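A.B. asks: have a look; sequence and predicted model below, questions after that.
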Amino acid sequence: MRVLVTGGGGFLGQAICRQLRERGDDVRSLARGDYPELASLGVEAVRGDITDRAAVARAMAGCDVVFHVAAKAGVWGPAAEYERINLHGTRNVLTACREAGIRKLVYTSSPSVVHAGGNQEGIDESTPYPSTFATHYPRTKAAAEQEVIAANGPDLATVSLRPHLIWGPGDNHLVPRLIDRARSGRLRRVGPGTNRVDVVYIDNAAEAHLLAADRLSPGSPVTGKCYFISQGEPVNLWDFVNQILACADLPPVTKGVSLGTAKAIGGVLEAIYSLLGRHDEPPMTRFVAEQLGTSHWYNILAARRDLDYQPRVSTEEGLGRLRDWLRAEKAGPAK
């Protein structure tokens, strides 16, 4: 196949590109920067932004399938920026798919699109979208996901995947953030430390996308559906955090705050940052407090059944790979 990956330079995007190239697909990436890693894989690079309709159309020309991975992540920032990238950018992708005659679109969503606050334990894809959202990221991702699913039809088959807490070697978001906060003494356990969450190793998350694309065709069981993607085994969040810290040769988290206190601090910081017009993320927000102090894990039976998804890299093996990568990064280039 000839494939376009939007956001091919990101953590997940690069993993998808790598797996596609390993099996022999022609791959093109649409991204805003230059990524030598993609060039070394033989990925064709198109410099551009998904908010630029002409750039999206140019990148999509001649392709058979599109993986729409690009998005604005995070939990803080102007609503208009999230809407411009996550919602209007996705609309540009959908329009370009129709104009280019693309037959398959795999969209990367997030379980946060159905997060209504509190614990979510073993929920499946029948869980409805909430009426309100705590932050702009899940709100705009939910709106975009709904438009992707609504676009499914005889000419364009669509599917949405919801991987949760992607981690592993090359992570430029979750793992570095934990390590940085731990080293600076700013990492605190939220709640009693008993909450369980789903995570997914990077290679498993990427493989799920390829499996979805291979099974995606008009009338197939996966078209127009959403799927949770995880390791299939919820972990105790704070045990897992400590395992990641151990991979970086750091001590475990020992200090904590209650969920109520964390949410109160988050609310105060949000008010201050809003008053000052600051766009950088506060040290704590109410949404982050909820994510750190509650359980949220998902039933992936549908992905196992329809996509034949099996998380082939175990959490234990993934942690070993992460440890080796972190130590190699710390050691620097071999001389």
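C.D. replies: Received it, and whenever you're ready, just let me know what you need. Residues are numbered from 1 along each chain as shown.

A.B. asks: for residue 156, give me its contacts.
C.D. replies: 94, 97, 98, 102, 103, 104, 105 (CB atoms under 8 Å, 6 or more residues apart in numbering). Any C-beta I mention is one placed from the backbone N, CA and C, and that applies to glycine too.

A.B. asks: gap between residue 61 and residue 34?
C.D. replies: 21 Å (CB to CB, to the nearest Å).

A.B. asks: how about residue 28?
C.D. replies: For residue 28 relative to residue 34 (CB to CB), the value is 14 Å.

A.B. asks: then residue 248?
C.D. replies: Applying CB to CB to residue 248 and residue 34 gives a distance of 28 Å.

A.B. asks: more neighbours, these two?
C.D. replies: Ranked by neighbour count (other CB atoms under 10 Å), residue 248 and residue 34 place residue 248 first, with 18 against 10.

A.B. asks: pretty sure that one sits against residue 179.
C.D. replies: Yes - Residue 248 lies in contact with residue 179 (CB atoms under 8 Å); the separation is 5.0 Å.

A.B. asks: and the helix or strand encompassing residue 305, what does it pack against?
C.D. replies: Using DSSP states H and E, residue 305 maps to helix 301-307. Using 3 or more CB pairs under 8 Å, 6 or more residues apart in numbering; DSSP states H and E, the elements in contact with helix 301-307 are helix 202-214, strand 225-229.

A.B. asks: now the angle between strand 225-229 and the first one, please.
C.D. replies: With axes from the mean of the first three to the mean of the last three CA atoms, to 10 degrees defining the directions, helix 202-214 sits at 160 degrees from strand 225-229.

A.B. asks: mean confidence score for helix 202-214?
C.D. replies: Confidence for helix 202-214, expressed as mean pLDDT, is 98.

A.B. asks: ok, and the closest non-adjacent residue to residue 240?
C.D. replies: residue 199 (6.5 Å; CB to CB, 6 or more residues apart in numbering).

A.B. asks: so who does the one you found touch?
C.D. replies: Residue 199 neighbours (CB under 8 Å, 6+ apart): 164, 165, 166, 167, 230, 231, 235, 240, 315.

A.B. asks: one more time with 10 Å, if that's ok
C.D. replies: By CB atoms under 10 Å, 6 or more residues apart in numbering, the contact set of residue 199 is 163-168, 174, 205, 230-231, 233-235, 237, 240, 244, 297, 315, 318.

A.B. asks: just the buried ones from those residues?
C.D. replies: Taking 16 or more other CB atoms under 10 Å as the criterion, what is buried in the contacts of residue 199 is 163-168, 174, 205, 230-231, 234-235, 237, 240, 244, 297, 315, 318.

A.B. asks: who's in contact with stretch 144-152?
C.D. replies: Contacts for stretch 144-152 (CB under 10 Å, 6+ apart): 68, 71, 83, 85-91, 93-95, 97-98, 105-110, 113-114, 129, 138, 156-162, 216, 218, 222-226.

A.B. asks: mind checking which of these land in helices?
C.D. replies: 89, 90, 91, 93, 94, 95, 97, 98, 138 (DSSP state H).

A.B. asks: three-state assignment of residue 149?
C.D. replies: helix (DSSP: H, G, I helix; E, B strand; the rest coil).

A.B. asks: what about it, how many residues nearby?
C.D. replies: Residue 149 has 17 nearby residues by other CB under 10 Å.

A.B. asks: any idea how far it lies from residue 103?
C.D. replies: Applying CB to CB to residue 149 and residue 103 gives a distance of 16 Å.

A.B. asks: could you export stretch 110-119 as CSV, CA atoms only?
C.D. replies: C-alpha atoms of stretch 110-119 as CSV (Å, rounded to 0.1, in the frame of the first residue of the first chain):
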residue,chain,number,x,y,z
SER,A,110,-8.2,8.8,23.1
PRO,A,111,-10.2,7.1,25.9
SER,A,112,-10.5,10.5,27.4
VAL,A,113,-13.3,11.3,24.9
VAL,A,114,-15.6,9.3,27.2
HIS,A,115,-14.2,10.4,30.5
ALA,A,116,-16.9,11.9,32.6
GLY,A,117,-15.0,12.1,35.9
GLY,A,118,-14.6,9.6,38.7
ASN,A,119,-13.7,5.9,38.2
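
A.B. asks: give me the buried positions along that stretch.
C.D. replies: 110, 111, 112, 113, 114, 115.

A.B. asks: confirm for me that the first one is in contact with residue 139.
C.D. replies: No - at 11.1 Å, residue 110 does not count as touching residue 139 under the criterion of CB atoms under 10 Å.

A.B. asks: circling back to that earlier point, which of the contacts of stretch 144-152 are buried?
C.D. replies: For the contacts of stretch 144-152, buried by 16+ other CB under 10 Å: 68, 71, 83, 85-91, 93-94, 97, 105-110, 113-114, 138, 156-162, 216, 222-226.
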